[in-house]
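Asker: For reference, the sequence and a predicted model appear below.
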Amino acid sequence: MDLQEKYRGLYLGALFVVEEVESAYRLGALNSVLSAWVREELKGREHSLDYCDSQMDLAHAVEGLSAIAPRYVKLRRQLFSDVHHIGPEPPWRPVRGAAAVRAGSRIFVRHPSYALRRIDAGSRSGAESWEFSVFTEPNKPDDEGVTFRAMVFPDDPGGTLQVSPELEAQRAWYEQLAYGLRALDRTPRLAALYDPGS
């Protein structure tokens, strides 16, 4: 078996693990979000071998690809526990550098689930664009949720968060957006809290 076949086998093995853990730990509306994100990450590493010029490059490519599935298994288990077990308030869980999710407990009350991800690589001005989704029927896999755009402008040390008036009006969701950003080490000034019109 040559190196290309071995690497392809590693890729297919990681995809198999992802598919099986998704079957075992069903998360309702978050399934589609997480499934798309992990497949995007796997796809981004599928051809990493083509860019390897040394043994060190090869080691990094293999390590990077092989780390995705165990990290995803751990995340799915944590989220499944957040939804189905009584315990502390479930936290926001980083998925990767610029994405996080929060699955609300469904033991006593059906809380929404949330997903947050950065959708740009940064602009010339330094502003960051984010996509924030709220799933109000999180048990339903076909719940597409409500999605908002948010911007973090670099005018303050941590930046300033600006969102639509519709999101500002939903204070619980706005609060969750702030917590999601904090989970990703972003601490912007919350403009809606200082707006006297709110």
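Answerer: Perfect, I can see it now. Please read all numbers here as calculations on a predicted model, not as lab measurements. Numbers count the residues shown, from 1 in each chain.
Asker: going forward, measure contacts between C-alpha atoms and count neighbours the same way
Answerer: Noted.
Asker: Return the set of buried residues in the worst-scoring helix or strand of the chain on mean pLDDT.
Answerer: Every helix and strand in the chain was compared by mean pLDDT, DSSP states H and E; the lowest is helix 191-194, with a mean of 73. Using 16 or more other Cα atoms under 10 Å as the burial criterion, the residues of helix 191-194 that qualify are Ala192.
Asker: Could you do stretch 152-167 as well?
Answerer: For stretch 152-167, by 16+ other Cα under 10 Å, it's Val152, Phe153, Pro154, Gly159, Thr160, Leu161, Gln162, Val163, Leu167.
Asker: same thing with stretch 68-75?
Answerer: Buried-residue list, stretch 68-75, by 16+ other Cα under 10 Å: Ile68, Ala69, Tyr72, Val73, Leu75.
Asker: Any chance of a markdown table for those residues, columns pLDDT?
Answerer: Shown next, in a markdown table, are those (pLDDT from 0 to 100):
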| residue | pLDDT |
| --- | --- |
| Ile68 | 96 |
| Ala69 | 97 |
| Tyr72 | 96 |
| Val73 | 97 |
| Leu75 | 96 |
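Asker: Now go through the residues you listed and say which are in helices.
Answerer: Taking DSSP state H as the definition of helices, those contribute Ile68, Ala69, Tyr72, Val73, Leu75.
Asker: nearest to Trp92, of the residues you listed?
Answerer: Sorting these by distance to Trp92 puts Leu75 at the head of the list, at 11.0 Å, by Cα to Cα.
Asker: before we move on, back to that, with respect to Ala183, which of the ones in helices among the buried residues of stretch 68-75 is nearest?
Answerer: Distance to Ala183 across these (Cα to Cα) is lowest for Leu75, with 14.3 Å.
Asker: My guess is the closest one contacts Arg96. True?
Answerer: No: with contacts counted by Cα atoms under 8 Å, Leu75 stays clear of Arg96, the gap being 10.5 Å.
Asker: in this protein, which segments are predicted with low confidence?
Answerer: 121-124, 194-198 (pLDDT under 70).
Asker: How is it divided into domains?
Answerer: Residue ranges for the domains of the chain, per automatic domain parsing: 3-84, 93-194.
Asker: Strands of the chain, start to end?
Answerer: Listed in chain order, the strands of the chain (DSSP state E) span 93-96, 99-102, 113-118, 128-135, 146-153, 160-163, 189-190.
Asker: Many thanks, we can stop here.
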